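> generate coordinates for the sequence data below:
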Amino acid sequence: MPFDDLRQWIAALDRAGELKRIKTEADPILEIAEITDRVSKGTDGKGSAGGPALLFENLRSYPGGSRLLINQFGSDRRMKMSVGVDSYDEIAGRIRMFMDMKSPQGFLDKLKMLPLLTEAGKFFPRTVSTGPCKEVIKRDNFSLLDFPILQCWPKDGGRFITLPCVTTRDPKSGKRNLGMYRMQVYDERTTGMHWQRQKNAAEHQRDRMRAAAAANTENSAEGAAAGLRRDAARAAVDIMARSSGGSAVAKGDRPGGKMEVAVAIGTDPAVTFSSIVPAPPEIEEYLVAGFLRGAPVELIKCETVDLEVPAGSEIVLEGYINLDELRTEGPFGDHTGFYSLEDLYPVFHVTCITHRKDPIYAATIVGKPPQEDAYMGKAVERIFLPLMKITIPELVDINLPIEGVFHNLMIVSIRKSYPGQARKVMNAIWSLGQAMFTKCVVVVDEDVDVQDLADVTLKVFNNIDPERDIQFTLGPVDSLDHASRLPDFGSKMGIDATRKWASEGFVRPWPDEIVMDAKTKALVDSKWRTLAKELGLQ
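A predicted model of the protein is given here:
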């Protein structure tokens, strides 16, 4: 570590025996997705789940050395390789170290902090004047269809860019945001931009809409400054209500204007992974990538928009969305195992494409788990647990089962200290960033291993009285939730499976769990090797 670009990462995968080069011709339309789906649900030569990373080198309809990388994060080993650790606890420990930093009280304390501050200085991105992504610059005569963009599933609305690192800028703070939002290709120069309503990029769009509506009001109004501010605030509230938060065409005038966007495809693995992490809005994902890499991400200015992208990217798409333009996007075979339905989303207009010579197109597919995104999601779970504990200090551990596709089920163990604490934790989770989408939260005591689903099942369904211990609430839900009563709005369920206390109204005796005594266990342990042979257990 660090990997400076995708090609260094591919070389490392090759050396580690984690990459297979596919020379048999394969079609980006459906065929590559079917091959990858079979591989991701299988095992590699060592019996490890997830199969190898795949580099397709013979793409139908794309002669001349075009290559496509997929399943790069699709195993536990590769996901850890991508962030340079043998265990996610190493990263979690580094996070805890920085969180525990205290203000220095004297000269010696300041000296002790110098190594930490020096290391922290390595995380911040730096801008460079040139980079591989500028080897070819196309301001005219370009087409998105020059790249082997996938159609993953038969009923998809078309081809989708599935592994884009999308950069936008917060109009208030000026900070960049890096997110990953699928992009349906409409034609040679336009795509959909599927940033879900609660994502940071969607908020950047809404802030520009609010500002445009307020500016229109200020231009047409007269009066004292306080009155103008109230009129501007009313205009912002009005445009959000009429456009359902930017997700529908407003009844009446929808403020015009543009929002610049840059899309990098084929970045180094730390940058790609950082684009999906639930970083707070005030922390740039490029800083997170630098933290994971232990070295700064090198950024370079775009040609036609005022944004920066990783200099080592394979492909960069520059362009903009119009604030007053939406278009139907979807369907799309999603990680829920179902097609997400058609809906209205902004349209991305490409103004320039830059890329490396002979660029490698990076992609992923999503569908019924387990697939590549499962390993990325589990990494997020492990790495960011210390950050969750800042807000919810009683947390012991969490588990987002792969089959729950991350937003459907979270199992939480807590150190219970007072009555009703499990319900406090549920509400804290539903107020915490992307965890707000969690459809079902199950809270257990600290003596339950949340990673052991058999133990969880035994304890949860023995410990609950359903009417007493299940709580329902309404709020924002994931845009991919096809069962919710309305798009983006529905109900959630919390289950308090902790042991009930008298102070919570439980006055019956609570039985002891069945456990063999230590003396007998030790006696059988001493005989177990002989017994195992007799029982044929070896």
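> next SSE after the worst-scoring helix or strand of the chain on mean pLDDT?
Within the chain, no helix or strand scores below helix 107-120, which has a mean of 53 by mean pLDDT, DSSP states H and E. Remark: after helix 107-120, the chain's next helix or strand is strand 126-127, criterion DSSP states H and E.
> quickly run through the sheet partners of the helix or strand just after that following strand, with directions.
The C-terminal neighbour of strand 126-127 among helices and strands, as given by DSSP H and E, is strand 136-138. The strands that strand 136-138 pairs with in its sheet are strand 343-355 (antiparallel) (by DSSP bridges).
> send the alpha carbons of the partner strand over as CSV?
C-alpha atoms of strand 343-355 as CSV (Å, rounded to 0.1, in the frame of the first residue of the first chain):
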residue,chain,number,x,y,z
ASP,A,343,-38.5,6.7,-11.3
LEU,A,344,-37.5,10.3,-12.2
TYR,A,345,-33.8,11.3,-11.8
PRO,A,346,-31.5,14.1,-13.0
VAL,A,347,-29.9,13.8,-16.4
PHE,A,348,-26.1,14.0,-16.7
HIS,A,349,-24.9,15.8,-19.8
VAL,A,350,-21.3,14.9,-20.8
THR,A,351,-19.2,17.8,-22.0
CYS,A,352,-15.7,16.1,-22.1
ILE,A,353,-14.2,12.7,-21.8
THR,A,354,-10.6,12.1,-20.8
HIS,A,355,-8.9,8.7,-20.4
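> could you list the low-pLDDT ranges of the protein?
Counting by pLDDT under 70, the low-confidence segments of the chain come to 1, 44-45, 97-120, 218-228, 250-254, 538.
> show me which positions of the helix ranked longest in it end up buried.
The helix spanning the most residues in the chain, taking DSSP state H as the definition, is helix 200-220. Buried residues in helix 200-220, counted by 16 or more other Cβ atoms under 10 Å: 200-214, 216-217. For the C-beta atoms, the positions are set from N, CA and C on the backbone; glycine is no exception.
> do stretch 155-170 as well
For stretch 155-170, burial by neighbour count (16+ other Cβ under 10 Å) applies to 156-170.
> again with stretch 324-344
For stretch 324-344, burial by neighbour count (16+ other Cβ under 10 Å) applies to 324, 326, 329-336, 339-340, 343-344.
> stretch 68-87 too?
68-85.
> among those residues, which lie within strands?
Leu68, Leu69, Ile70 (DSSP state E).
> any chance of those residues in TSV, with distance to Arg182 too?
Shown next, in TSV, are those (distance: Cβ to Cβ, whole Å):
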residue	distance to Arg182
Leu68	17
Leu69	17
Ile70	15
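> of those, closest to Ala264?
Nearest to Ala264, judged by Cβ to Cβ, of these is Leu69 at 14.3 Å.
> which one is Leu326 nearest to, not counting chain neighbours?
Among residues not flanking Leu326 along the chain, Leu344 sits closest, at 4.1 Å (Cβ to Cβ, 6 or more residues apart in numbering).
> can you pull the contacts of that neighbour?
Leu344 makes contact with Ser247, Ala248, Val249, Leu326, Arg327, Thr328, Glu329 under the criterion Cβ atoms under 8 Å, 6 or more residues apart in numbering.
> about what we covered before: what is the nearest of the ones in strands among the buried residues of stretch 68-87 to Lys122?
Leu69 (27.3 Å).
> how far away is the closest one from Val350?
According to Cβ to Cβ, to the nearest Å, Leu69 stands 22 Å off from Val350.
> restricted to strands, list the buried residues of stretch 155-170.
The strands, defined by DSSP E, take in Phe160, Ile161, Pro164, Cys165, Val166, Thr167, Thr168, Arg169 from the buried residues of stretch 155-170.
> in the one helix or strand Pro386 maps to, what's buried?
Using DSSP H and E, the element containing Pro386 is helix 385-391. Buried residues in helix 385-391, counted by 16+ other Cβ under 10 Å: Leu385, Pro386, Leu387, Met388, Lys389.
> from those residues, pick the one nearest Ile265.
Of all the buried residues of helix 385-391, Leu387 has the smallest distance to Ile265: 28.3 Å, by Cβ to Cβ.
> just checking, the closest one touches Ile95?
Yes: using Cβ atoms under 8 Å, Leu387 is in contact with Ile95, at 6.7 Å.
> packing partners of the longest strand belonging to the chain?
Longest strand in the chain, counting residues (DSSP E): strand 315-329. Secondary-structure packing of strand 315-329 (3 or more Cβ pairs under 8 Å, 6 or more residues apart in numbering; DSSP states H and E): helix 200-220, strand 258-265, strand 343-355.
> hmm, 6 Å instead?
strand 258-265, strand 343-355 (3 or more Cβ pairs under 6 Å, 6 or more residues apart in numbering; DSSP states H and E).
> just the C-alphas of the next helix or strand after the first one, formatted as CSV.
Looking back up the chat, that one is strand 258-265. Sequence order places helix 269-274 as the next helix or strand after strand 258-265, per DSSP H and E. Taking Å, rounded to 0.1, in the frame of the first residue of the first chain, the C-alpha atoms of helix 269-274 are listed here in CSV:
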residue,chain,number,x,y,z
PRO,A,269,-9.3,0.6,-4.7
ALA,A,270,-9.2,2.9,-1.7
VAL,A,271,-10.8,5.7,-3.7
THR,A,272,-13.5,3.3,-5.1
PHE,A,273,-14.2,1.9,-1.6
SER,A,274,-14.3,5.4,-0.1
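> any chance you could list what contacts helix 269-274?
Trp9, Ser82, Glu285, Val288, Ala289, Leu292, Arg293, Pro310 (Cβ atoms under 6 Å, 6 or more residues apart in numbering).
> now with 7 Å, please.
2-3, 9, 72, 82-83, 163, 165, 178, 285, 288-289, 292-293, 297, 310, 376 (Cβ atoms under 7 Å, 6 or more residues apart in numbering).
> what is the orientation angle of the following helix or strand past that helix with helix 200-220?
Tracing the chain past helix 269-274, the next element assigned as helix or strand by DSSP H and E is helix 285-293. Counting by axes from the mean of the first three to the mean of the last three Cα atoms, to 10 degrees, helix 285-293 lies at 160 degrees to helix 200-220.
> quick check: angle from helix 285-293 to strand 164-169?
130 degrees.
> list the pairing partners of the next helix or strand after helix 285-293 within its sheet, with orientation.
Going down the chain from helix 285-293, the next helix or strand is strand 298-301, by DSSP H and E. Looking at strand 298-301 with DSSP bridges, its partner strands are strand 126-127 (parallel), strand 308-310 (antiparallel).
> can I get the CA coordinates of strand 298-301 in PDB?
Only the C-alpha atoms of strand 298-301 are listed here, as PDB (Å, rounded to 0.1, in the frame of the first residue of the first chain):
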ATOM      1  CA  GLU A 298      -3.500  12.900  -6.100                       C
ATOM      2  CA  LEU A 299      -6.200  15.000  -7.800                       C
ATOM      3  CA  ILE A 300      -6.200  16.900 -11.100                       C
ATOM      4  CA  LYS A 301      -8.400  19.600 -12.400                       C
END
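> what segments of the stretch 1-150 of the chain are helices?
When assigned using DSSP state H, counting those that start in this stretch, the helices of the stretch 1-150 of the chain occupy the ranges 6-15, 31-40, 76-82, 88-99, 107-120.
> mind giving me the packing neighbours of the second one?
Read that as helix 31-40. Here helix 31-40 is seen to pack against strand 53-56, strand 67-70 when contacts are counted using 3 or more Cβ pairs under 7 Å, 6 or more residues apart in numbering; DSSP states H and E.
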